[in-house]
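# Sequence first, predicted model second:
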Amino acid sequence: MKKILTLCAAALSLLFLSACDTMDGPSPLDTRASGSGAGSLNPDGLPGDSMFGDGLQERGISGGMGSGFDAEHINPEDIVYTIYFGFDQYAVAAGERGKVKSALEFFDGNPEYSIVLVGHTDWYGTEEYNLLLSDRRAKAVSDYMTSLGASAANIEVIGRGEAGAAPDVAKDSPEARNDRRVDIVKYRH
């Protein structure tokens, strides 16, 4: 009887352990945006659009400033600074914060411009995931700017996802690294 109980306990332990996932989380290629209600997180910890206090649906994702800003056709001369991010990251890195401060100095000296933050991702991940990640990157830059004293009313956040990303390049390629960014754009209002 003791042997049977020991075997049953061992079998249950194996069954339990085999059901555990040993990965740190799914690859961004496997990640889907969460649509399971408010407050839910997708497997990589990015909030679904219901998590954003001023989310994608409330702000809209295609326009920009409501007066003709075209995030698809940005003149390179209008990009004040570009903030780069690591793979699957949306926190403003310490090494990039000086650029944000310099951008704010530019806008303080040029009040005729509004600030447009255009977020981008590389091609890895689903379209939905990349749209959320690009929006989250731009929102992180916006939050950092407002923490430095910028007026949130003068900042527009646009997430473009993987639109315009270099397709089929390695994660560590220069092209993919350049796609993980937020462009800080001047827009005359």
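Ah, there it is.
# Can you identify the element that follows the helix ranked longest in the chain toward the C-terminus?
Taking DSSP state H as the criterion, the chain has its longest helix at helix 127-147. As assigned by DSSP states H and E, the chain's next helix or strand after helix 127-147 is strand 155-159.
# My read is that residue 171 contacts residue 124, right?
Yes: here residue 171 reaches residue 124: they are 6.4 Å apart, a contact under Cβ atoms under 8 Å. Quick note: C-beta positions are derived from backbone N, CA and C, even for glycine.
# any idea how far residue 140 lies from residue 78?
Taking Cβ to Cβ, to the nearest Å as the measure, residue 140 and residue 78 are separated by 21 Å.
# Pick out whichever of those two has more residues nearby.
For residue 140 versus residue 78, the count of surrounding residues by other Cβ atoms under 10 Å is larger for residue 140: 21 against 15.
# Which element, helix or strand, includes residue 187?
Using DSSP H and E, residue 187 sits within strand 181-188.
# List the neighbouring strands of that strand plus their orientation.
With DSSP bridges as the test, strand 181-188 is paired with strand 79-84 (antiparallel), strand 113-119 (antiparallel).
# Run through who's touching the first one.
What it means is strand 79-84. 92-93, 96, 99-100, 102-103, 106-107, 137, 141, 177-178, 180-186 (Cβ atoms under 8 Å, 6 or more residues apart in numbering).
# which parts of the following helix or strand past it are buried?
Later in the chain than strand 79-84, the nearest helix or strand by DSSP H and E is helix 97-109. Using 16 or more other Cβ atoms under 10 Å as the test for burial, helix 97-109 gives 99-100, 103-104, 107.
# Low-confidence ranges, this protein, go.
1-67 (pLDDT under 70).
# Residue 72 against residue 158, yeah?
No: with contact defined as Cβ under 8 Å, residue 72 does not reach residue 158; the gap is 9.9 Å.
# more neighbours, the two?
Legend: neighbour count by other Cβ under 10 Å for residue 72 and residue 158, higher for residue 158 (25 against 11).
# Distance of the more buried one relative to residue 142?
11 Å.
# got it, and residue 85?
Residue 85 is 14 Å from residue 142, by Cβ to Cβ.
# ok, back up a step: now for residue 171 and residue 124: what residues contact both?
residue 87.
# if we can go back for a sec, any residues in contact with both of residue 158 and residue 142?
residue 117.
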